[in-house]
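**Student:** sequence? don't have it. structure:
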């Protein structure tokens, strides 16, 4: 039963931006709550220095836009996501927190996800930078945005067979709290179960299935009432304080059942997504992001990139993988789904053909080369990001040791002049140990001369810009790689190439970019 909260963190003028963000970061990244820091994941930032990166992005945003809000300024957003005790494991909690953050930000904003295990209920703390990766706009927490967050979080929970708060309210802080389990909510859950698994043909069939579950059905004129197992009273299929939540009145139920017959009901979305590979869940490697904006084909400019042999790829729509109907379990059990899948395949086959013709990829070898080259470009961008990340950590560590050494240098010099007097060391143990640790680190680097803090800050800023630039290019490239790989696999299926490979498409995965 997932609950969510979003809290904007405003600038504390007395502390400054860096310290305000750091206070929030220190709380959510507490090693005692995150298994020694192992349950911390970052996107478009290094969790170890995320606070510093967020401040640099904020400063660049203000410099380029000339916008400053003073005390009203929001630095980061703090999202909390909690789950019912005992309903979810740690790794799934971590994965769903990342998925929620990615959907909220659409891959445009840096964030960290910290999974806490210090309470009976597992929960995530998500810190989202208010400034986007390109440093040219800020995250908008619009009125009633908590409803959107709750909707996204509930959908993610349902997709992972987790319970949700059926009729949530909200309190100060836009928080959706847990509610006690009631006969009413239990009955709603039973209704959802029958709709999802029983696939009733009509309302009468639905009522019969409820009776098989131990319910008592009573008809009085046009009114239908049901008494679920263990309940003392009957529930009417109507909305209201004494009825059921919105969407569970008789008219809505009839519509849901009718929609199921045409395979439009949401209970089929998991199976459909498993076959068409759309709206994929975030994988554990957390390498990729969703497209930044969704625009119609009429107003969206074509996407282009150049690869070897002067092949120019242009496409306005996403290429989805064809459904392997012969090996689809859902198609074998649902005629409606099979009909839908066939229609979907025809549409996607036409889209694939148009994509190939538009880009003159009518030769299988050229298509294969194009997909491979695009993947190589993607990997090269990822390598540049990894290299920048590595150097950022080195610069941050060096800067920390230089600062520590400068702070304790006088005491350490006195200690050396005293010919390492044991008594003097005992009186200044911490300062001397800190200076020795810093000096040992400098020696390990083999530096002839230590760089200044100003030089390191300049390098850090340049690395940050390099990393953001690569992120942007990689995010654009990801869509293009997926289009080419999907087109290649669709052609293989249409031509009957590698039949064993076709069966693998029924798994819940997209073309591999790992």
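**Tutor:** Alright, I've got the coordinates. What you see is a predicted model, and the numbers here were worked out from it, not measured in a lab.
**Student:** use CA for all of it now, contacts and neighbours both
**Tutor:** Noted.
**Student:** For the stretch 301-450 of the chain, give me the ranges with low pLDDT.
**Tutor:** 301-318, 328-337 (pLDDT under 70).
**Student:** for residue 459, what are its contacts?
**Tutor:** residue 395 (C-alpha atoms under 8 Å, 6 or more residues apart in numbering).
**Student:** element containing it, please.
**Tutor:** helix 453-495 (DSSP states H and E).
**Student:** Work out the gap between that helix and the centre of the chain.
**Tutor:** 17 Å (C-alpha atoms, centre = their mean, to the nearest Å).
**Student:** what about it, average pLDDT?
**Tutor:** Computed over helix 453-495, the mean pLDDT rounds to 82.
**Student:** same thing with stretch 123-137?
**Tutor:** pLDDT averaged over stretch 123-137 gives 91.
**Student:** for that stretch, which positions count as buried?
**Tutor:** Within stretch 123-137, the residues scored as buried using 16 or more other C-alpha atoms under 10 Å are 123-135, 137.
**Student:** and that stretch, how far out from the chain's middle?
**Tutor:** 12 Å.
**Student:** And the one helix or strand residue 155 maps to, what does it pack against?
**Tutor:** Assigned by DSSP H and E, residue 155 belongs to helix 145-159. Taking 3 or more C-alpha pairs under 8 Å, 6 or more residues apart in numbering; DSSP states H and E as contact, the helices and strands that helix 145-159 lies on are strand 3-10, helix 90-105.
**Student:** Of these, give the one that comes closest to residue 237.
**Tutor:** strand 3-10 (26.6 Å; C-alpha to C-alpha).
**Student:** Low-confidence stretches in the stretch 1-150 of the chain?
**Tutor:** 1-2, 70-71, 141-147.
**Student:** Next one: residue 475 from residue 467, what distance?
**Tutor:** Relative to residue 467, residue 475 is positioned 12 Å away (C-alpha to C-alpha, to the nearest Å).
**Student:** which stretches of the stretch 251-400 of the chain form helices?
**Tutor:** 269-276, 329-333, 335-358, 364-417 (DSSP state H, counting those that start in this stretch).
**Student:** Tell me which of the ones you listed approaches residue 36 most closely.
**Tutor:** Per C-alpha to C-alpha, nearest to residue 36 of the helices of the stretch 251-400 of the chain: helix 364-417, 18.5 Å.
**Student:** contacting residues around the next helix-or-strand element following the closest one?
**Tutor:** Later in the chain than helix 364-417, the nearest helix or strand by DSSP H and E is helix 422-427. Helix 422-427 has contacts (C-alpha under 8 Å, 6+ apart) with 415, 418, 432.
**Student:** Looking at those, spot the one nearest residue 211.
**Tutor:** Distances from residue 211 to the contacts of helix 422-427, taken by C-alpha to C-alpha, are shortest for residue 432, at 77.8 Å.
**Student:** Helix or strand: which one has that closest one?
**Tutor:** Residue 432 belongs to helix 429-445, assigned by DSSP H and E.
**Student:** about what we covered before: can you check what angle separates the helix holding residue 459 from helix 335-358?
**Tutor:** Going by axes from the mean of the first three to the mean of the last three C-alpha atoms, to 10 degrees, helix 453-495 is angled at 110 degrees with respect to helix 335-358.
**Student:** Now do helix 453-495 against helix 364-417, angle only.
**Tutor:** 160 degrees.
**Student:** Phi and psi next, for residue 359.
**Tutor:** phi -100, psi 10 (degrees, to the nearest 10).
**Student:** quick one: it from residue 99, how far?
**Tutor:** Taken as C-alpha to C-alpha, the span from residue 359 to residue 99 is 33 Å.
**Student:** what's the answer for residue 433, then?
**Tutor:** 43 Å.
**Student:** The two: who's more crowded?
**Tutor:** residue 99 (21 against 14; other C-alpha atoms under 10 Å).
**Student:** if we can go back for a sec, filter the buried residues of stretch 123-137 down to just the ones in strands.
**Tutor:** 123-132 (DSSP state E).
**Student:** re the thing from before, turn the contacts of helix 422-427 into CSV, columns for distance to residue 113 and neighbour count.
**Tutor:** Below are those laid out as CSV (distance: C-alpha to C-alpha, whole Å; neighbours: other C-alpha atoms under 10 Å):
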residue, distance to residue 113, neighbour count
415, 44, 18
418, 49, 13
432, 36, 24
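**Student:** Out of those, which comes closest to residue 8?
**Tutor:** residue 432 (41.4 Å).
**Student:** isn't the closest one right up against residue 408?
**Tutor:** Yes: using C-alpha atoms under 8 Å, residue 432 is in contact with residue 408, at 7.1 Å.
**Student:** can you give me the strands for the stretch 101-250 of the chain?
**Tutor:** 109-116, 123-132, 216-220, 223-227, 235-236 (DSSP state E, counting those that start in this stretch).
**Student:** Which of the helices of the stretch 251-400 of the chain sits closest to residue 452?
**Tutor:** Per C-alpha to C-alpha, nearest to residue 452 of the helices of the stretch 251-400 of the chain: helix 364-417, 8.4 Å.
**Student:** what's the offset of that closest one from the middle of its chain?
**Tutor:** 24 Å.
**Student:** quick check: angle from that helix to helix 429-445?
**Tutor:** 130 degrees.
**Student:** about what we covered before: Serialize the helices and strands packed on helix 145-159 to a markdown table and add fields for distance to residue 202.
**Tutor:** Converted to a markdown table, the helices and strands packed on helix 145-159 look like this (distance: least, C-alpha to C-alpha, whole Å):
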| stretch | distance to residue 202 |
| --- | --- |
| strand 3-10 | 34 |
| helix 90-105 | 35 |
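**Student:** For residue 247, which of these is the nearest?
**Tutor:** strand 3-10 (20.5 Å).
**Student:** Give me the angle between the closest one and helix 145-159.
**Tutor:** Using the same axes, to 10 degrees: strand 3-10 against helix 145-159 is 140 degrees.
**Student:** Tell me the strands beside strand 3-10, with direction?
**Tutor:** Using DSSP bridges, strand 3-10 pairs in its sheet with strand 74-82 (antiparallel).
**Student:** Tell me who's in contact with residue 42.
**Tutor:** Here residue 42 is in contact with 110-113 (C-alpha under 8 Å, 6+ apart).
**Student:** Would you confirm that residue 17 contacts residue 53?
**Tutor:** No: counting by C-alpha under 8 Å, residue 17 does not reach residue 53; the two are 11.7 Å apart.
**Student:** Quick check: residue 491 vs residue 41, distance?
**Tutor:** 37 Å.
**Student:** returning to that earlier point: what about the helix holding residue 432, distance to the chain center?
**Tutor:** That offset, for helix 429-445, works out to 40 Å (C-alpha atoms, centre = their mean).
**Student:** And stretch 408-426, by the same measure?
**Tutor:** The answer for stretch 408-426 is 52 Å, by C-alpha atoms, centre = their mean.
**Student:** How far does it stretch from one end to the other?
**Tutor:** 15 Å.
**Student:** Now it: buried residues?
**Tutor:** Buried residues in stretch 408-426 (16+ other C-alpha under 10 Å): 408-409, 411-412, 415, 425.
**Student:** And residue 475 and residue 467? Which one has more around it.
**Tutor:** Neighbour count, other C-alpha under 10 Å: between residue 475 and residue 467, residue 467 has more, with 24 against 20.
**Student:** Look up the closest residue to the more buried one, ignoring the ones flanking it.
**Tutor:** Excluding its sequence neighbours, the residue lying closest to residue 467 (C-alpha to C-alpha, 6 or more residues apart in numbering) is residue 385, at 5.4 Å.
**Student:** since we're on that neighbour, how many residues are nearby?
**Tutor:** Counted with other C-alpha under 10 Å, residue 385 comes out at 22.
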